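[1] coords please:
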Amino acid sequence: MSAAAIVHPADSRSDALRRLASTFVAEGVPEGDARFLMLGVLDLRAIDLALHGQRVLGPGEANRLEVAAQRRLSGEPVARILGAWEFWGLPFRLSPETLVPRPDTETLVEATLASIPDHAAPVRILDLGTGSGCILVALLSALPNATGIGLDRSWGALRTARANARDNGVAERAGFVAGDWCDALGAPFDRVVSNPPYIASPVIAGLDREVREHDPLTALDGGDDGLGAYRRIVGAVSRGLLASGGSLHLEIGYDQAEAVTDLGATAGLRPGGIMRDLAGHARVASFTSNAAAVSA
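    All right, here's what the predicted structure looks like:
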């Protein structure tokens with residue numbers, strides 16, 4: 001962590017950005033984080049930097065940017081510093097109880113949408129372990145007549161998810177329920193989605209510092225083998241949580257495709273294939289409730 005101040009009140013926006021980027025690179029922090037911080041902390045658009053880069057910061061802006069920079073150098077992720085992040089082109093608030101939405105998880109949204117032939121259909125969606133609500137909100141934003149429930153054990157996460165649904169204009173079609181996985185639910189759903197905790201407990205201590213120290217443990221820890229949540233979910237789904245012809249879509253770790261597929265098949269679900277993320281890693285395992293073609 002840098003001891004001397006990086007940003008000075010007399011700096012222009014452009015000079016401050018160059019100084020930040022240089023310091024970050026020297027400290028092993030991605031250069032692009034400097035731009036994200038400046039835009040977010042100073043509430044700027046990219047065009048503001050392009051057209052008004054020579055505007056002097058002044059004491060207030062310099063101080064806010066300096067505080068944010070030092071937090072980043074101490075290992076805190078940009079998204080945590082800003083308290084918000086983008087997912088599926090939509091803005092999402094964050095809280096200590098929620099994960100930072102990741103681009104990989106957009107594959108889960110893609111897989112779910114691909115399973116619905118008619119995006120105007122009144123689909124009923126259940127999002128298990130909703131966290132920030134990013135998955136459910138993204139789906140509802142793409143499905144104008146869909147309704148959904150986000151379930152989570154954390155009241156803090158549910159408050160954040162509800163705010164995100166409101167901010168993104170889907171609050172009237174979204175409900176949020178406190179519960180332990182599927183225990184609080186009974187009605188069948190057309191689509192069940194989840195990005196559950198799937199990291200094996202012994203592995204957590206070796207995760208990157210940004211994840212280990214700043215993400216909620218309950219959203220990471222999948223038990224001794226990383227499969228604990230999947231067992232709960234496929235068990236509940238196989239007992240009638242899915243409507244006839246419905247489908248289940250689960251985000252998985254890069255090396256869990258075979259294990260999760262086997263769990264679903266053993267529970268009586270029909271495997272619906274694996275979708276890979278942009279890096280080519282297995283990312284989503286899908287299942288249907290029976291041999292019938294999936295319909296909305």
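
[2] quick one: residue 102 and residue 79, what's the gap?
    Note on residue 102: its distance to residue 79, by Cβ to Cβ, to the nearest Å, is 10 Å. C-betas here are computed from N, CA, C, even on glycine.

[3] The two: which has the busier surroundings?
    residue 79 (20 against 15; other Cβ atoms under 10 Å).

[4] Which SSE is immediately downstream of the strand or helix carrying that one?
    Assigned by DSSP states H and E, residue 79 belongs to helix 78-82. Using DSSP H and E, the next helix or strand after helix 78-82 towards the C-terminus is strand 84-87.

[5] Report the distance from that following strand to the chain centre.
    8 Å (Cα atoms, centre = their mean, to the nearest Å).

[6] Would you mind pulling up the elements that that strand packs against?
    strand 90-93 (3 or more Cβ pairs under 8 Å, 6 or more residues apart in numbering; DSSP states H and E).

[7] quick one: average pLDDT of the strand it packs on?
    Averaging pLDDT along strand 90-93 yields 97.

[8] Give the other helices and strands that that strand contacts.
    Taking 3+ Cβ pairs under 8 Å, 6+ apart as the contact cut, strand 90-93 packs with strand 84-87, helix 134-142, helix 155-167.

[9] okay, the ones you listed, which one's buried deepest?
    When you average the neighbours per residue for each of the helices and strands packed on strand 90-93 (mean count of other Cβ atoms under 10 Å), helix 134-142 leads with a mean of 26.

[10] Let me see the confidence value for residue 217.
    Predicted confidence (pLDDT) for residue 217: 81.

[11] if I look at it, how far off is residue 204?
    For residue 217 relative to residue 204 (Cβ to Cβ), the value is 7 Å.

[12] Tell me which of the two has more neighbours.
    Per other Cβ under 10 Å, whichever of residue 217 and residue 204 has more neighbours is residue 204, with 17 against 11.

[13] where does that one fall, phi/psi-wise?
    Dihedral angles of residue 204 (phi, psi; degrees, to the nearest 10) stand at phi -60, psi -40.

[14] again, but for residue 59
    Torsion angles at residue 59 (phi, psi; degrees, to the nearest 10) stand at phi -60, psi -40.
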